[in-house]
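Trainee: Sequence and predicted structure below; questions after.
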Amino acid sequence: MPNYYPIMLDVRGRRVVVIGGDRIAAEKVQAFAACGAQVCVIAPAWCVELEQVAQELGGQLETRRRPYQPGDLEGAFVVIATTRKPELVEAVWSEAQQRGQLLNIVDLPERCNFITPSILRRDPLTVAVSTEGVSPGLAKLIRQELEQHFSRAYGAFLRLAAEARALLRTQGVTYERRDAFFQEFYRSPVLARLEEGAEAEARALTAELLRQYGVEVPRSFEEGGAGAVDERSLAS
Ligand SMILES: C[C@@]1(CC(=O)O)C2=NC(=C\c3[nH]c(c(CCC(=O)O)c3CC(=O)O)Cc3[nH]c(c(CC(=O)O)c3CCC(=O)O)/C=C3\N/C(=C\2)[C@@H](CCC(=O)O)[C@]3(C)CC(=O)O)/[C@H]1CCC(=O)O
Ligand SMILES: NC(=O)c1ccc[n+]([C@@H]2O[C@H](COP(=O)([O-])OP(=O)(O)OC[C@H]3O[C@@H](n4cnc5c(N)ncnc54)[C@H](O)[C@@H]3O)[C@@H](O)[C@H]2O)c1
C-alpha cells in the first residue's frame, strides 16, 4: 500500500478535467471551481445535479457533452474520473500517466496517483482526514465528529487571528512573544464571543490582549476594518 504524502494544492487558474456526468462528478466540479480552478467537464449524459452546478457556474465552466476522447486531457493539472468502465479507466489512466498529471479515478485507488481525504472546512481552517484508503467510512465519521468540535465561528476566529498576527509582525513583536500571544488568544473567551455573534466584544478582547503585548491597535481594528469578520460564515 502506498505511503501517501498529504499536501494542499493551489489550483487557482489551473485546468481541471472531470470525466463523468453523475452526482460525484457534480460534487467534484463544484469543489474544484470553488477553489478557483478552470474546470472542464466531459460526459455524454448529465444528471440533474451536474446541470444545476453548470448553470450556477455559467461561463466559468467548460462543458463537453460527449464521451471522453484521447487528447481531452491536454493542459490538465488535475484529472478526475467517476467511471469504473474498465476500458475508459485504462484510456484515461494511460493518457494521464503519459502527461504526468495528477489523477483520481474515484473509488479506484489502484488507478489513482492521489486519493481524496474527507474534508472539514471552516475557511481558512481545513481539516483533512484520510485512512490511506483503508476505511473511507471511518474518515467520514471522524470528519463528522470534528464538525461538532469546530464550530462555524472558527472561520471568523482565524480571520481575526490573521489580523492580529499582521499587527504583531508589522510592529516587530518577537517570534517568542507572538507565540505566547497566540497561546493566550486561542484559550481566551474570544471564540465564545464569536459563537454568540458578539463580534464587537470579540474584537475588543483581542485588542486588549494585543495591547498587553505592546501592540498599538488602530481604531479600524476594533471597528472591524478591512479584514472584518464575515457574518455569513457565522450565520450559515
Ligand atoms: C473521504 C471520501 C471523499 C471523497 O469521496 O471525495 C472518500 N470516500 C468517501 C466516502 C465513501 N466511500 C465509500 C463509502 C462506502 C463505505 C466503504 O466502502 O467504506 C463511503 C462512505 C459514504 O459514502 O458514506 C466507498 C469506497 N471508497 C473507496 C472505495 C474503493 C476501495 O476501497 O478500494 C470504496 C468501495 C466502493 C465499492 O465497493 O463500490 C475509495 C476511496 N474513497 C476515498 C475517499 C479515498 C480514500 C479516503 C481515505 O483515505 O480514507 C479512496 C481510496 C479513493 C478516492 O476516491 O479518492 C468520502 C467521504 C466524504 C465525507 O466526508 O462525507
Ligand atoms: N471494477 C469494479 O470494481 C467495478 C465495480 C462496478 C462496476 N464495474 C464496471 O463498470 C461499468 C459501470 O461503471 P459505472 O457504474 O461507474 O458507470 P459508468 O461508467 O457508466 O458511469 C459513470 C459516469 O461516467 C459517465 N461516462 C460513461 N461513459 C463515459 C465516457 N465515455 N466519457 C465520459 N463520461 C462517461 C456516465 O455518464 C456517468 O456519469 C460496468 O462495465 C461494470 O462492469 C466495475
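Mentor: Thanks, I have the structure now. Residues are numbered from 1 along each chain as shown. Ligands and ions are numbered 1, 2, ... in the order given.

Trainee: which stretches of this protein have low pLDDT?
Mentor: The chain contains residues with pLDDT under 70 at 225-236.

Trainee: Give the buried residues for the longest helix that it contains.
Mentor: The single longest helix within the chain, with elements called by DSSP state H, is helix 153-170. For helix 153-170, burial by neighbour count (16 or more other Cβ atoms under 10 Å) applies to 153-161, 163-165, 167-168. Placement of C-beta: from N, CA and C, glycine included.

Trainee: how far is it from where the chain is centred?
Mentor: Distance, stretch centre to chain centre, for helix 153-170: 19 Å (Cα atoms, centre = their mean, to the nearest Å).

Trainee: Now tell me what touches the following helix or strand past that helix from outside.
Mentor: Where DSSP states H and E defines the elements, the next helix or strand beyond helix 153-170 is helix 175-185. Residues outside helix 175-185 that contact it (Cβ atoms under 8 Å, 6 or more residues apart in numbering): 161, 164-165, 168-169, 173, 206, 209-210, 213.

Trainee: and if we set it to 6 Å?
Mentor: Outside of helix 175-185, the residues within contact range by Cβ atoms under 6 Å, 6 or more residues apart in numbering are 168, 213.

Trainee: And that helix, what's buried?
Mentor: For helix 175-185, by 16+ other Cβ under 10 Å, it's 181, 185.

Trainee: Report the angle between that helix and helix 153-170.
Mentor: 150 degrees (axes from the mean of the first three to the mean of the last three Cα atoms, to 10 degrees).

Trainee: what are the ranges of the helices in the protein?
Mentor: So, for the chain - with DSSP H - the helices run 23-34, 48-57, 86-99, 136-149, 153-170, 175-185, 190-195, 199-212, 219-223, 231-235.

Trainee: can I get those helices in TSV with distance to Arg122?
Mentor: Output for those, formatted as TSV (distance: least, Cβ to Cβ, whole Å):
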stretch	distance to Arg122
helix 23-34	14
helix 48-57	23
helix 86-99	32
helix 136-149	9
helix 153-170	4
helix 175-185	17
helix 190-195	11
helix 199-212	16
helix 219-223	22
helix 231-235	8
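
Trainee: closest one to ligand 1 among those?
Mentor: helix 136-149 (3.3 Å; Cβ to the nearest ligand atom).

Trainee: gap between the closest one and the chain center?
Mentor: 16 Å.

Trainee: Establish whether it and ligand 1 are in contact.
Mentor: Yes. Using Cβ under 6 Å from any ligand atom, helix 136-149 comes into contact with ligand 1 via 136-137, 139-140, 143.

Trainee: what residues does that helix touch?
Mentor: By Cβ under 6 Å, 6+ apart, helix 136-149 touches 118, 120, 127, 129-131.
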